[in-house]
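[1] structure of the sequence below:
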Amino acid sequence: MASFESRGELNAEDLAVIKTLGLKFRGKQRWPLFRLFEPGFPPWAVDGAQTRFLTAALEHAAVITQAFEDRPEKLIEQPGKVLVRVHQAMNRNARWVGQWRPAPQPPEGPPVPVPDTAFLKQLANQVTQGEGIVETDFFYMPAAVQRSRGNVRMGRA
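    Numbers count the residues shown, from 1 in each chain. Got it, this is the predicted structure:
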């Protein structure tokens, strides 16, 4: 995700990157913030490959925005299709062109977590027959969990 936030929304690492690059921003909603959002994980800073991908995505978004600035209704003119940028290599020349393609279908839902079978076997070996009943369940928790100095810290995702 790329967004523009107030300075107070950025952490020390974000500010250090901005300073290292020699960039300056002033005002609310003017400071760039880049984050990776993955289900079950806290928002995280992007790495090099993700930065390059996000840079390319923003460049293409700028091209599309400029092309449709005066006629944004054209972007929804073809129901069930989306405009994508496609790289075409022709001889030694390469260029990006816009193509209308069928809209991708959204995934059915969050992935089902796979239980740790080794841990379950270990647990089953510790319970002897006739001593009681062990019931378990697992589910996707709508909160981020991360390790912090050996402790588990939970917060809202």
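[2] what's the burial count for residue 31?
    By other CB atoms under 10 Å, the residues close to residue 31 number 20. All C-beta atoms are positioned from the backbone trio N, CA, C, and that covers glycine.
[3] just residue 2 next, same as before
    13.
[4] so it makes contact with residue 58?
    Yes - if you go by CB atoms under 8 Å, residue 2 and residue 58 touch, sitting 6.1 Å apart.
[5] show me what contacts the residue nearest the centre of the chain?
    Taking CA atoms, centre = their mean as the criterion, residue 37 is the residue nearest the geometric centre of the chain, at 3.5 Å. Residues in contact with residue 37 (CB atoms under 8 Å, 6 or more residues apart in numbering) are 1, 43.
[6] dihedrals phi and psi, it?
    The phi and psi values for residue 37, taken as degrees, to the nearest 10, are phi -110, psi 120.
[7] please report how far it lies from residue 80.
    Distance, residue 37 to residue 80, using CB to CB, to the nearest Å: 27 Å.
[8] part of a strand, is residue 29?
    No - Residue 29: not assigned to a strand; according to DSSP: H, G, I helix; E, B strand; the rest coil it is coil.
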